[in-house]
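Q: The sequence and its predicted three-dimensional model are supplied below.
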Amino acid sequence: MIRTRITEMFGIEHPIIQGGMHHVGYAEMAAAVSNAGGLGIITGLTQRTPELLANEIARCRDMTDKPFGVNLTFLPSVVPPDYPGYIRAIIEGGVKIVETAGNNPAKWLPVLKENGIKVIHKCTSVRHSLKAESIGCDAVSVDGFECGGHPGEDDVGNWILLPRAAEELKIPFVASGGVGNGAQLAAALALGADGVNMGTRFIATKEAPVHENVKQAILAANELDTRLVMRPLRNTERVLTNAAVERLLEKEKALGANIKFEDILPEVAGVYPRIMSEGDMEAGAWSCGMVVGLIHDIPTVKELVDRMVADAEAIITKRLARLTVAA
Ligand SMILES: Cc1cc2nc3c(=O)[nH]c(=O)nc-3n(C[C@H](O)[C@H](O)[C@H](O)COP(=O)(O)O)c2cc1C
């Protein structure tokens, strides 16, 4: 067993969290991770309405009696989602953990706190992590440049970002981005983290509720196969390359600083359901981390979590312990 401030805070067995993932983080995914002793997270905005989120939370509760959370992503949008409605669904559904991401969640913290909900905010920099700490978040996920999804614009990898976070933060943090095995869990703990958060690795599991083509694409890819798109729009996203992504990058090159979001709509708008449920792997850009290079199998979630914890324990108590010698 590995006990940390994160396992204590969330009442979970292993310090492993499954980050919110658009069109992946359904009840099946979250329940599988929570049943394996980690913290599963339902992706709030994948549910089109607060009523559907309430239903998804109820479905998850039918599948697990362990703690699970809900992700709320705050992105700039013309018509903002019904955040108060989503938060009501979370509170009324008895969910006690929320993973926030994107914009500063300060506006929503009072209502979450009043309802006894712990908030873990996902950040891609030390300064945003410190901000999260100062506004009262309980923990942060520190998302390095390797991560699938939105790595921010600072381009600092976890080898530097995590020990920098450890220097500055008082609240616990988990290492997010690029994590896929037990050696990395042990390394994250060594660097000062209290656990790990994984996205991409959890997609390549038996229970992940996505089309088999997505899992096979992850197996086939290596660490050189991700691309950064939307950089000129300052909305950088790490995605798996495919024909649509290369087309998008060509547009970025051709249009330069004049590019607008409308120019790339065909490659990014509404593509998730086509990829994740229909398995159309050329439909557009979908988030995927460099950790694909370390993913070589499709285990059950429990097999993955158990293997990571056992490997981390063996590394800490055997391999590393053997390296130290009395003076
Ligand atoms: C397919 C996919 C979809 C994602 N969607 C979201 C999302 O909607 N909201 C969010 O906060 N993070 C999202 N993420 C980021 C993950 O929660 C997590 O921070 C990230 O995957 C960690 O990096 P890794 O993929 O290297 O493990 C997504 C990641 C992936 C791979």
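A: Happy to help now that I have it.
Q: Return the residues in contact with the residue in the stretch 51-200 of the chain positioned nearest to the ligand.
A: Proximity of the stretch 51-200 of the chain to the ligand (Cβ to the nearest ligand atom) peaks at G199, 1.9 Å away. Yep, even glycine has a C-beta here, placed from its N, CA and C like the rest. Listed by Cβ atoms under 8 Å, 6 or more residues apart in numbering, the contact partners of G199 are Q18, G19, M21, C147, G148, G149, S176, S287, G289.
Q: ok, I315 - how many residues close by?
A: Residues lying near I315 (other Cβ atoms under 10 Å) number 18.
Q: now it: how far from V78?
A: As judged by Cβ to Cβ, to the nearest Å, I315 and V78 stand 48 Å apart.
Q: and what of A221?
A: Counting by Cβ to Cβ, the gap from A221 to V78 is 33 Å.
Q: where does the chain come near the ligand, residue by residue?
A: 19-22, 24, 43, 71, 73, 101, 122, 143, 146-149, 176-179, 197-201, 286-289, 291 (Cβ under 6 Å from any ligand atom).
Q: okay, now A314: neighbour count?
A: A total of 14 residues lie near A314 under the criterion other Cβ under 10 Å.
Q: tell me the secondary structure for it?
A: Classification of A314 using DSSP: H, G, I helix; E, B strand; the rest coil returns helix.
Q: Give me the pLDDT for it.
A: Looking at A314, its pLDDT stands at 98.
Q: List the contacts of it.
A: G182.
Q: follow-up on the earlier one: looking at A221 and V78, which has the bigger crowd around it?
A: A221 (18 against 4).
Q: ok, H22 touching S277?
A: No - the pair H22 / S277 is not scored as a contact, 11.9 Å apart, by Cβ atoms under 8 Å.
Q: returning to that earlier point: for the contacts of G199, could you give me TSV that also reports secondary structure and neighbour count?
A: As requested, the contacts of G199 are exported to TSV (DSSP: H, G, I helix; E, B strand; the rest coil; neighbours: other Cβ atoms under 10 Å):
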residue	secondary structure	neighbour count
Q18	strand	32
G19	coil	29
M21	coil	27
C147	coil	31
G148	coil	28
G149	strand	25
S176	strand	32
S287	strand	21
G289	coil	32
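Q: and this structure, what are its domains?
A: Annotated domains of the chain cover 5-206, 213-290 [automatic domain parsing].
Q: which ones are touching the residue in the stretch 1-150 of the chain positioned nearest to the ligand?
A: Closest residue of the stretch 1-150 of the chain to the ligand, Cβ to the nearest ligand atom: G19 (2.4 Å). Applying Cβ under 8 Å, 6+ apart to G19 gives the contacts I41, N71, E99, K122, S141, S176, N197, M198, G199.
Q: redo that, cut-off 10 Å
A: Residues near G19 by Cβ atoms under 10 Å, 6 or more residues apart in numbering: 25, 39, 41, 43, 69, 71, 99, 101, 120, 122, 141, 143, 147-149, 174, 176-177, 196-200, 202.
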